[in-house]
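>>> Model the following, please.
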Amino acid sequence: MHVSTPLRRVSILAIDRVFAFTLMQAKDFFHLASLRYGKQLGQGLTPAFEIRLVSPDGKPVNSFSDVIMPVDGGLENTDVIILPAFWDDFPGLCQRYPQILPWLREQHARGAVLCGEATGVFWLAEAGLLDGKEATTYWRFFNAFKERFPQVHLNQDKHLTDADNLFCAGGATSACDLYIYLIERFCGANVAQAVARDILYEVQRSYSPGRIGFGGQKLHQDVIILQIQQWLEEHFADKFRFEDVAREHGMSIRNFMRRFQTATGDKPLHYLPRLRIETAKGLLSGSRKSIKTISYEVGYDDASFFARLFRQHTDLSPNQYRQQFQQARSHRVML
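Sure thing, here's the model as predicted:
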């Protein structure tokens, strides 16, 4: 995965009735990433970017459990915004904090990455940023969300969604997956693996965190290409030719290649290996299967070719990638 533009600031929104643990969880993940990334850049113990708790008026907030939480300042220009979960009447919060919605719209327009966790997703939807896009939230709030935001495509089957730099996490556990994904995006695979190893982060899930990066490539209106993307997610390990896939959907191979890249921004011959590698990450971190078996299960008969491809995508060999998680598990046993 590529490392994108330099990350300078992560802002975490603090409001009254926020769940303090969701706010501090984000703070700890990104603080550790900042230290690790600073060290990798040769800055010693100097953090590579700042993580700030911000409130609409720059004043301390009173959390759900009645903890007075100081903040670093008011709403500001930033690169990443985290919207933690809260427990309160949402319409009342909107009236109380009129500054939040224009801030979110402005920062998204500037290119910031916005992340909502559970009820935090309501802010993204209220700002109109999720209109016509896929989103998720905590399962207890599905009905309330659908009623208030009928123009948002609520996906009740996903724990994580990705749409145009707008990320939604269903709850606290999937938010951790999201933070690791973003840390890998901004700081690279080595830093992400170090954070996952050191922060007591357990990665065994009933879903593959790696797949999150494909949601944003489904925001187009080409129904046939969407069907093909769905088919690829189910058959990525099969032996097939794109010529046959194109013909089965009534297209020439040239027309298919052009339409796929126009819709997703990616060539099919790049998209498929990424899908296989991201699936392999989940198998490496969450199972004890051999590298050879995993290689075969994601569609590569030649394990050495798979290993080279994996390194191209992650800067780590499959064994190095897996060792990070084994070390994390052994740390937990000692704890």
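>>> show me where the stretch 1-150 of the chain has strands.
9-13, 50-54, 61-62, 68-69, 80-83, 113-117, 134-135 (DSSP state E, counting those that start in this stretch).
>>> in its sheet, what does the last one sit against?
Looking at strand 134-135 with DSSP bridges, its paired strands and their directions are strand 153-154 (parallel).
>>> Could you look up the next helix or strand downstream of the partner strand?
Tracing the chain past strand 153-154, the next element assigned as helix or strand by DSSP states H and E is strand 160-163.
>>> can I get the CA coordinates of that following strand in CSV?
Provided in CSV are the C-alpha atoms of strand 160-163 (Å, rounded to 0.1, in the frame of the first residue of the first chain):
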residue,chain,number,x,y,z
LEU,A,160,-16.2,-0.8,8.2
THR,A,161,-17.0,1.3,5.2
ASP,A,162,-14.9,3.6,3.0
ALA,A,163,-16.3,6.3,0.8
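>>> Quick one: mean pLDDT over the very next helix or strand once past it.
Toward the C-terminal end, the helix or strand that comes next after strand 160-163 (DSSP H and E) is strand 166-169. Per-residue pLDDT values across strand 166-169 average out to 94.
>>> Give the other helices and strands that strand 166-169 contacts.
Taking 3 or more CB pairs under 8 Å, 6 or more residues apart in numbering; DSSP states H and E as the contact definition, the neighbouring helices and strands of strand 166-169 are strand 113-117, helix 121-126, strand 160-163, helix 172-187. For glycine as for every other residue, the C-beta is placed from the backbone atoms N, C-alpha and C.
>>> Contacts for it next, please.
Taking contacts as CB atoms under 8 Å, 6 or more residues apart in numbering, the residues outside strand 166-169 that touch it are 108, 113-118, 121, 124, 129-130, 133, 135-137, 159-161, 175, 177-178, 182, 212.
>>> Partner strands of it and their direction?
strand 113-117 (parallel), strand 160-163 (antiparallel).
>>> how about the last one: buried residues?
What that stands for is strand 160-163. For strand 160-163, a neighbour-count test (16 or more other CB atoms under 10 Å) marks Leu160, Thr161, Asp162, Ala163 as buried.
>>> Turn those into CSV, columns for distance to Arg96 and pLDDT.
Putting the buried residues of strand 160-163 into CSV (distance: CB to CB, whole Å; pLDDT from 0 to 100) gives the following:
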residue, distance to Arg96, pLDDT
Leu160, 29, 87
Thr161, 27, 88
Asp162, 30, 88
Ala163, 27, 86
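>>> Looking at those residues, which two lie furthest apart in space?
For the buried residues of strand 160-163, with distances taken as CB to CB, the pair at the greatest spread is Leu160 and Ala163 (10.9 Å).
>>> Could you measure from Leu53 over to Gln95?
Going from Leu53 to Gln95 by CB to CB, to the nearest Å gives 23 Å.
>>> Who has more neighbours out of these two?
Higher neighbour count among Leu53 and Gln95: Leu53, with 22 against 9, using other CB atoms under 10 Å.
>>> Double-check the more buried one against Ile12; I have them as touching.
Yes - with the criterion set as CB atoms under 8 Å, Leu53 and Ile12 qualify as a contacting pair; they are 5.3 Å apart.
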